[in-house]
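A.B. asks: predicted model, plus sequence, below.
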Amino acid sequence: MANADRSAEQFRKMTETPIPKLILSLAAPTILSMLITSIYNLADTFFVGQISTSASGAVGIVSSLMAILQALGFMLGHGSGSIISRSLGSQNTDAATRFASTSFFTALVFGGIITAAGLLTLPDFMMLLGSTETILPHACAYARYILLAAPIMMSSLVMNNILRYEGKASFAMIGLVTGGLLNIALDPLFIFGLGMGTAGAGLATALSQTISFCILLSMFLRGKTVSQFRITAVTRSPAEFGTILMTGMPSFGRQGLNSIGGMLLNIAARGYGDAAVAGMSIVSRIFMFIISVAIGTGQGFQPVAGFNYGAQKYRRVQQACLFTMATSFCFLSVILTACWFNAETLIRLFRDDPEVTAVALPAFRYQCFAMLLQPVIVAGNMLFQSIGKSGRATFLACCRQGVFFIPLILTLPRAFGLLGVEICQPIADVLTFFVTVPFLFPFLRQLVRMDEAEAAEV
């Protein structure tokens, strides 16, 4: 099929398919991809947790490193993807290829810089991320392989997001699910079978990410996409490169602050010992899995918002946003109910240590309530980013882990001790919800007025 035909077919699909069917068809592979990604993160937590409490704490430390890689990868992927979906909505395929190529090759370069800088300063870097002296050897062994794979991990995130924004979520799913399942299989082989310990978890992640990278890249090389990767298509315009960065800034803010927040959480928890670091790490990983449902549904919504906003079908954007929030809330309600009644069993699955459970269980309970607010928070942020409202999207993205969480984690533990560490994230979520509402719902009403005005002109 010619590139023009693929573009026209995709345009019709994204702008004419009924909203529920369209979002669910895009969200299903995205949710599965997110769940598998979260499962292999949980697999690292589970298998490493069998070594020792200190090794379990290393997973939380390296999570902050991975959040840095995700911050840059998502910034370039979401930044270019949002522009690509709106370009395809206005049927400009040349711009799609230009922005795809620019983000992909930039990710490879940024990843290489992080690899070099991280390996040269590894022990100090891990201590900066919140490691204790006893956790440090495990953290360094784990992080070394993650750093080596940094260029591949970042460029994979770019490709994954471009595929989603083109409405090809099933292609992205194939690469991510294959890599995730391979990671789960390799963890016990390397950690226990080859006796590599925490280094085995890092090597398993690096190899699985490399396989995922090759699968995702093949989608572009075999012409399965509208946008293409060509080194000659990389933009020479500082303005266009700046547009990618500004459009992706909400993702950078969100993921970058996740890294800073995780680092500060580790530092606050380490004052109460390795068990506290391990306990909070386990809770964080479990809720990364749970929130992936809301994020996956939201990512199914993003290309719908971008395409239809670019095509000036504003009422469809509003309908898609409302459907996304309602669907996410229903999914999360079921999952959180099951988790609430099995909380202690879940925590002990990852580290059967009474001291770890004593820290993790209260934090888990508090977070269950706050998680019900995520459908509104996620949909609001993804709507504004997908349609190019980067200022609002960046502010909202920075609220949860930055504007609210960072001051809370710096003050509440001093006032309430370990309880302060446990309640920071739920309080930050509640505050973010109340900030998101006055941004989101008036804009949804504005979309209806814009659609009526567009219809009147026609």
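C.D. replies: Arrived safely, thanks for sending.

A.B. asks: pLDDT weak spots in this structure?
C.D. replies: For the chain, the stretches flagged by pLDDT under 70 are 1-7, 37-38, 40-41, 457-458.

A.B. asks: who are the packing partners of the helix or strand hosting M153?
C.D. replies: Taking DSSP states H and E as the definition, M153 sits inside helix 150-165. Contacts defined by 3 or more Cβ pairs under 8 Å, 6 or more residues apart in numbering; DSSP states H and E place helix 150-165 against helix 19-49, helix 53-89, helix 93-120, helix 169-188, helix 198-221, helix 274-310. C-betas here are computed from N, CA, C, even on glycine.

A.B. asks: so how far is the third one off the chain centroid?
C.D. replies: Think helix 93-120. Mean C-alpha position of helix 93-120 versus that of the full chain (Cα atoms, centre = their mean, to the nearest Å) differs by 18 Å.

A.B. asks: list the helices and strands that helix packs on?
C.D. replies: helix 3-16, helix 53-89, helix 136-148, helix 150-165, helix 238-270.

A.B. asks: please redo it, this time with the cut-off set to 7 Å
C.D. replies: If contacts are counted by 3 or more Cβ pairs under 7 Å, 6 or more residues apart in numbering; DSSP states H and E, helix 93-120 sits against helix 53-89, helix 136-148, helix 150-165, helix 238-270.

A.B. asks: who wins for proximity to A28 among those helices?
C.D. replies: helix 150-165 (12.3 Å; Cβ to Cβ).

A.B. asks: and G388, helix, strand or coil?
C.D. replies: Here G388 is coil, with the state taken from DSSP: H, G, I helix; E, B strand; the rest coil.

A.B. asks: quick one: contacts for it?
C.D. replies: Taking Cβ atoms under 7 Å, 6 or more residues apart in numbering as the criterion, G388 is in contact with 82, 86, 247.

A.B. asks: could you do D44 as well?
C.D. replies: 59, 187, 201, 205.

A.B. asks: ok, the first one touching V48?
C.D. replies: Yes: in this structure, V59 is within contact of V48 by Cβ atoms under 7 Å, at 5.4 Å.

A.B. asks: looking only at neighbour counts, state which of the two leads.
C.D. replies: Legend: neighbour count by other Cβ atoms under 10 Å for V59 and V48, higher for V59 (31 against 28).

A.B. asks: how close does that one get to A67?
C.D. replies: From V59 across to A67, the span is 13 Å (Cβ to Cβ, to the nearest Å).

A.B. asks: circling back to that earlier point, filter the contacts of D44 to the buried ones?
C.D. replies: Listed as buried from the contacts of D44 are 59, 187, 201, 205; burial here means 16 or more other Cβ atoms under 10 Å.

A.B. asks: excluding its backbone neighbours, what's nearest V430?
C.D. replies: Distances taken as Cβ to Cβ, 6 or more residues apart in numbering put A370 closest to V430, at 5.9 Å, once the chain neighbours are dropped.

A.B. asks: got the contact list for that neighbour?
C.D. replies: 426, 429-430.

A.B. asks: what helix or strand is it on?
C.D. replies: helix 354-371.

A.B. asks: CA atoms only: put that helix into PDB for me.
C.D. replies: The C-alpha coordinates for helix 354-371 follow below in PDB (Å, rounded to 0.1, in the frame of the first residue of the first chain):
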ATOM      1  CA  PRO A 354       7.900  -8.100  59.000                       C
ATOM      2  CA  GLU A 355       9.800  -4.900  59.100                       C
ATOM      3  CA  VAL A 356       9.200  -4.300  55.400                       C
ATOM      4  CA  THR A 357       5.500  -5.100  55.700                       C
ATOM      5  CA  ALA A 358       5.100  -2.800  58.700                       C
ATOM      6  CA  VAL A 359       6.300   0.100  56.500                       C
ATOM      7  CA  ALA A 360       4.600  -0.800  53.300                       C
ATOM      8  CA  LEU A 361       1.100  -1.800  54.400                       C
ATOM      9  CA  PRO A 362      -0.100   1.600  55.700                       C
ATOM     10  CA  ALA A 363       1.400   3.400  52.700                       C
ATOM     11  CA  PHE A 364      -0.400   0.900  50.400                       C
ATOM     12  CA  ARG A 365      -3.800   1.600  52.100                       C
ATOM     13  CA  TYR A 366      -3.500   5.300  51.900                       C
ATOM     14  CA  GLN A 367      -2.500   5.200  48.200                       C
ATOM     15  CA  CYS A 368      -5.500   3.000  47.300                       C
ATOM     16  CA  PHE A 369      -7.900   5.800  48.100                       C
ATOM     17  CA  ALA A 370      -5.900   8.500  46.200                       C
ATOM     18  CA  MET A 371      -5.500   6.300  43.100                       C
END
